[in-house]
Structure formats: structure tokens, C-alpha cells
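Engineer: Quick one: sequence plus predicted model below, questions after.
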Amino acid sequence: MTIPMADLDTLPLLTNLSHTQRAAVAGVSRIESYDSGTRLFEEGGLADQCWVVLSGCVVVDTVVPSRGRVAVQSIGPGELLGWSWLVPPYRWHFGATVVSPTRAAVVDTGALRQLADEDPAFGYQLSLILIDALLNRLQATRLRLLDLYGNPA
Amino acid sequence: MTWVPTPYRVVARTVETHDSATLTLRPVAESLPGFRPGQFAMLYAHGVGEVPISISAIPGDGTLVHTIRAVGAVSRALHDAEPGTVIGARGPFGTAWQLDGVEDLLVVAGGIGLAPLRPVLGHLSKRTVLIAGARTPQDLLYKDELGQLSSVDTVLTVDHGDHDWHGRVGFVTEPLASLPFDPERTTALLCGPEPMMRFCARTLLGRGLAPDRIQVSLERNMQCGIGVCGHCQLGPLLLCRDGPVTGYPTARPLLSAKEL
């Protein structure tokens, strides 16, 4: 299913893109709906797409011996799922599972990289968006490392 | 009389988490004046000591409701108080959440910081979004109650999930960064560890919210409750009197200071 522009126009994630640039992203994207429990990708698998969650929730996880799959991060509405397509070897470092019914824009990342290669202005804006999302994720992870909610007793 | 504790009896005790419990207190004789959301009482465990505890519900019938986390000798004694126990209470003290003229409300709480914000939830006819964070699912306060607040859009997120947890795993700044809201209509109330509030405020400013639309709750070593003893001084503020609820323009330089 092709992606309605309204879905992309309202995303804070993409506000720095022009309408034309968002239309270009839409051109390499489609809308998918997933039931709870759907496995989106596995650690080590080929990273050839990413997701912008429009509604619902996806959990990024990894396997820990004797604990099974351990959730390390949730991705909710308006957030980007998947970085490993950005740099070689284009393999997922973690796995991901849908934990509540989810609607997402699925982006063909090979086509997106090609758009960025062909239009450096677009590629630059796209890079800024990805860096901003990465920074937010990194800072939030650092704050979790501080264990701020731990009992000081 | 603000110096002399008023006797209250514990009439109900609800275990919230492994280290937190909510006490409902009924006056033995006279009751204290009414509290507003965000204010606190000095609760006195006889023979142990006195600590500041925010009001965590306002039933309006003269009872006091406080959620207490056991972190020291006094808070442990209060936390463990069973129904029938008489404790002392002074207050109300401090500033309240400023809700006059508020349109859309965005509430961000971390850990025990949800307690002072609880009286705000569900009692306003405003569009309210709550983002609440905790260490684990077992550390989340008022889980059942939050699920029943139909007027509040709730996002719960934990640092470490488990197999039974179907909410979010992550820090409160993450849903905040992508949450749709109108900066021209929204007021944000933040309560939790100071680094959490600092980062949440930065995220909100980055989303276009004006500093004077952000309120935070600051905490120090409150003792007298009336701005006399100076134990709770934070920069130019005596937080028992000038806080705990403070506008972000006032709080911003204090939140960034290494030591005050």
C-alpha cells in the first residue's frame, strides 16, 4: 500500500524535509500493518529497510543466555526503527518484534540511499534527520545508564 | 500552628511497589487546611523524625494521602506504618502546580516523581498526556489506576523490561521527542530526578515550547517548612517556601549548577 503524504507531513521526525523531499521518501516507502508478535527482523539478517512507526509499538531485542530475548528499546509512534542499513555490512545488530498492533511506513533503504546519492541536498537533510534521531537515542541510553530512578537508600 | 504536628491516624495502607506505599491519614481531631496539587506536608514518625512528603491525592474530605518511598530511617518508619498508627503532620507547605488558564497538559514523571503529579491527573477537563518512567515494571506507581484514567493518554516506559511487560522500554525523553503537541496550547509539568527534568525540558524547548510553559518540582532537605531554617536553600530559593513547584525560567540555572 502506498503511503499517504498526510502520514509523513505530520511526523516531527521529517519536519526539516521539504514537501517535495517528503514526497521522495514516500515514493520509496509503503504502509504496512502488523499484528502483535510479528518478527520484523533478526540479528545478523540483511538490513535493507527501515520503519517509521505511525502507531503501535515495536521492541528491539537481543538474546541473552538463560534469559531469552531481552528488550533493550521500544520504538513508538513517530520514531524510527532500524539504523543498520546506513553503513556496511548492512546487517541487523539486534532483532525486533511488534508488541502491539502497529502501522508503519516501511522504507526501501537501498532506494533511499540512491536518492541521497543523486541529490546531495536531500542526502544532507536526511543525514541531519538520522543524526538527530541517533543523538536522541544515545542521550536517552546514557540517561538510562545513570539509573536515575534507583533507590538511593 | 505550622510548628506543631497535628495528629493523624493511618486508616489505609496500600503497597505500591517493593519500596513504596500509599498511606491514607484521617485527623484524630482537628485537620490541617486544604492542600493543592504539588504541595507537601512534613510527616512525623513519633520518636524517629520528620520528612517532607508530597500530597499524592486530594479526596476533599479532610484526609491526607501520601505515597512514601522507604529511603531512610524516617521514611521507612512512615512507609511501614500500619492502619491505626498515629503520626504527626504539618502543612500545607510550598507552592502548587499552576493550572490556571492551562489548555493542553503534558505531564512527565519519573520514579516517585509521579506521586506529586497524581492529584493533577484525571481532575482536569483538559487534554492530558502522561509520560511516566520507572526502573522496571515492578517500580511503576499506580499502574492499575493509570489504566482507568480515560481522560489521560498514558505512556509508561521502563529502563529494563521483562517478559510480561508490554509497555515501552526506554527513557521518558524518547516518547517526548516524537509526541504530537501544540506548543502554543501546552503546559508541561515535570517531576522526577533533576537530570530527567533537565533533559525533558531541553527536549520540550527543542520542540518549540516556551520556557514559561514548563514547571518543575525541586526537592532539597526541607525541615521547618516555612522558610526560616534555611536547610532547603537552593541558590536564591528556599524550596519549602519558594518551591517545590518552580517555573523553568527560575529553575534552569539551578538545575545546571554542579553544587549549590
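Structural biologist: Sure, I can see it.
Engineer: any idea which element the residue of chain A found nearest chain B lies in?
Structural biologist: Per C-beta to the nearest C-beta, A:Gly78 is where chain A lies closest to chain B, at 3.1 Å. From N, CA and C alone the C-beta is placed, and that goes for glycine too. According to DSSP states H and E, A:Gly78 maps onto no helix or strand at all.
Engineer: who touches it in this structure?
Structural biologist: A:Leu11, A:Pro12, A:Leu13, A:Val52, A:Val53, A:Leu54, B:Ser178, B:Leu179, B:Pro180 (C-beta atoms under 8 Å, 6 or more residues apart in numbering or on different chains).
Engineer: Rebuild those as JSON lines, extending it with neighbour count and pLDDT.
Structural biologist: Compiled in JSON lines, those are given as follows (neighbours: other C-beta atoms under 10 Å in any protein chain shown; pLDDT from 0 to 100):
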{"residue": "A:Leu11", "neighbour count": "21", "pLDDT": "80"}
{"residue": "A:Pro12", "neighbour count": "15", "pLDDT": "79"}
{"residue": "A:Leu13", "neighbour count": "19", "pLDDT": "83"}
{"residue": "A:Val52", "neighbour count": "25", "pLDDT": "94"}
{"residue": "A:Val53", "neighbour count": "24", "pLDDT": "95"}
{"residue": "A:Leu54", "neighbour count": "21", "pLDDT": "93"}
{"residue": "B:Ser178", "neighbour count": "21", "pLDDT": "85"}
{"residue": "B:Leu179", "neighbour count": "21", "pLDDT": "89"}
{"residue": "B:Pro180", "neighbour count": "11", "pLDDT": "87"}
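Engineer: and the two most separated of these?
Structural biologist: Using C-beta to C-beta, the pair of those lying farthest apart is A:Val52 and B:Leu179, separated by 14.9 Å.
Engineer: Could you point out the helix or strand that follows the top strand by length along chain A?
Structural biologist: Ordering each strand of chain A by length in residues (DSSP state E) puts strand A:49-64 first. Proceeding C-terminally, strand A:49-64 gives way to strand A:68-75 as the next helix or strand, assigned by DSSP H and E.
Engineer: and that following strand, anywhere near chain B?
Structural biologist: Yes: using C-beta under 8 Å from any C-beta of the partner chain, strand A:68-75 reaches chain B at A:Gly68, A:Val70, A:Ala71, A:Val72, A:Gln73, A:Ser74.
Engineer: Considering these, which possesses the most neighbours?
Structural biologist: When neighbours are counted by other C-beta atoms under 10 Å in any protein chain shown, A:Ser74 leads those with 26 neighbours.
Engineer: Contact partners for that one?
Structural biologist: Residues in contact with A:Ser74 (C-beta under 8 Å, 6+ apart) are A:Cys57, A:Val58, A:Val59, A:Val60, A:Val99, B:Thr157, B:Gly161, B:Gly167, B:Arg168, B:Val169, B:Gly170, B:Glu174.
Engineer: ok, the residue lying closest to it once chain neighbours are set aside - contacts?
Structural biologist: Leaving aside its chain neighbours, A:Ser74 sits nearest to B:Arg168 (3.8 Å; criterion: C-beta to C-beta, 6 or more residues apart in numbering or on different chains). Residues counted as contacts of B:Arg168 (C-beta under 8 Å, 6+ apart) are A:Cys57, A:Ser74, A:Gly76, B:Val155, B:Leu156, B:Thr157, B:Val158, B:Glu174, B:Pro175.
Engineer: Also B:Ala70?
Structural biologist: B:Ala70 makes contact with A:Asn151, A:Ala153, B:Asp19, B:Ser20, B:Ala21, B:Arg76, B:His79, B:Asp80, according to C-beta under 8 Å, 6+ apart.
Engineer: Which of those fall in helices?
Structural biologist: Those of the contacts of B:Ala70 mapping onto helices are B:Arg76, B:His79, per DSSP state H.
Engineer: Which members of the contacts of B:Ala70 are classed as buried?
Structural biologist: Taking 16 or more other C-beta atoms under 10 Å in any protein chain shown as the criterion, what is buried in these is A:Asn151, B:Asp19, B:Ser20, B:Ala21, B:Arg76, B:His79.
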